[in-house]
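Novice: what follows is a predicted protein model with its sequence.
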Amino acid sequence: MKALILAAGRGERMLPLTKDTPKPLLHVAGKPLLDHIFSALPSEIDEAVIVVRYLSEKIQAYCKDNFHGRRIRYAEGSDRGTAYSFLAAEPFIGDERFLLVYGDEFPDSVSIVACLAHEQSILCFRAEDPWNHGVVTLRADGMIASIQEKPPQPKTDLISNGVMVLLGSIFGLRPKHRLGGEVYLTDMLDQQVRRLRVAAVISERAIGGISTPADIVRIERLLS
């Protein structure tokens, strides 16, 4: 099974740390984020596609063509938003079921295994600032009804984390909306959950993404 790692962004909110280092290679608790991500992957993940753009040569030099015992391939991402970076991976994934992890996430292996127990799923957790994330609403059966990126008036406090299991059919969709000049993958996910069953895996363990230097401090305190 393949993992798709989105690692193309510039990480502007992480400056000055990302001036010369791509965010997925920033050190957290003694090692780069990418090492934490790959350490959390279960054994059934035998290949990874890493979508790169900003300082891509540094990520490729670090991971090479085999990383943590898994074959690595690279796709060229986009600066137009996460949706277009995601679509760049289509030739490598095709119609297969795959695991998606954002390159600035700090996932744990238990949560990933819980997501893989469903045909399609998205890791979710409750946040104090849902307006700053992809906000999830649920159906009565626990399936996801909708996902909206950074809504000014969130309907719930449940947000999507950057870990999910998806069917390759999502590559047949195209983003429809632009938010603040960026086209988010959330738009495609919203279309997918409305047409197919995607389970919400609600985690009490989720640490969340790493967007600013303060997040590194927060996570290192949690881990200690």
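Specialist: Ah, there it is.
Novice: quick check, central residue of the protein?
Specialist: Geometric centre of the chain, nearest residue: Tyr102, 2.4 Å, by C-alpha atoms, centre = their mean.
Novice: bridged to that residue, which residues?
Specialist: Counting by DSSP bridges, Tyr102 is bridged to Leu6.
Novice: could you look up the SS state of the residue located most distally from the centre of the chain?
Specialist: When each C-alpha in the chain is compared with the mean C-alpha position (C-alpha atoms, centre = their mean), Ala140 comes out farthest, at 25.6 Å. Using DSSP: H, G, I helix; E, B strand; the rest coil, the secondary structure recorded for Ala140 is coil.
Novice: and the pLDDT at it?
Specialist: The model reports Ala140 with a pLDDT of 92.
Novice: so Leu4: helix, strand or coil?
Specialist: strand.
Novice: I figured it was touching Phe98, is that so?
Specialist: Yes. At 5.5 Å, Leu4 counts as touching Phe98 under the criterion of C-beta atoms under 8 Å. To be clear about C-beta, it is placed using only N, CA and C from the backbone, and glycine gets the same treatment.
Novice: list the contacts of the closest residue to Leu55 other than its chain neighbours.
Specialist: Nearest non-adjacent residue to Leu55, counting by C-beta to C-beta, 6 or more residues apart in numbering: Pro22, 4.2 Å away. Residues near Pro22 by C-beta atoms under 8 Å, 6 or more residues apart in numbering: 7, 11, 52, 54-56, 58-59.
Novice: could those go into CSV alongside neighbour count?
Specialist: Compiled in CSV, the contacts of Pro22 are given as follows (neighbours: other C-beta atoms under 10 Å):
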residue, neighbour count
Ala7, 28
Gly11, 22
Val52, 25
Tyr54, 18
Leu55, 20
Ser56, 17
Lys58, 15
Ile59, 28
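Novice: ranges for the helices of this structure?
Specialist: All helices of the chain, identified by DSSP state H, fall at 33-40, 56-63, 82-87, 90-93, 109-116, 185-195, 213-223.
Novice: run a quick neighbour tally on Arg70.
Specialist: When neighbours are counted by other C-beta atoms under 10 Å, Arg70 registers 17.
Novice: right, and it touches Asp46 too?
Specialist: Yes. If you go by C-beta under 8 Å, Arg70 and Asp46 touch, sitting 5.9 Å apart.
Novice: buried stuff in the lowest-mean-pLDDT helix or strand in the chain?
Specialist: Sorting the helices and strands of the chain by mean pLDDT, DSSP states H and E puts helix 213-223 at the bottom, at a mean of 86. Buried residues in helix 213-223, counted by 16 or more other C-beta atoms under 10 Å: 215-216, 219.
Novice: understood, closing this out.
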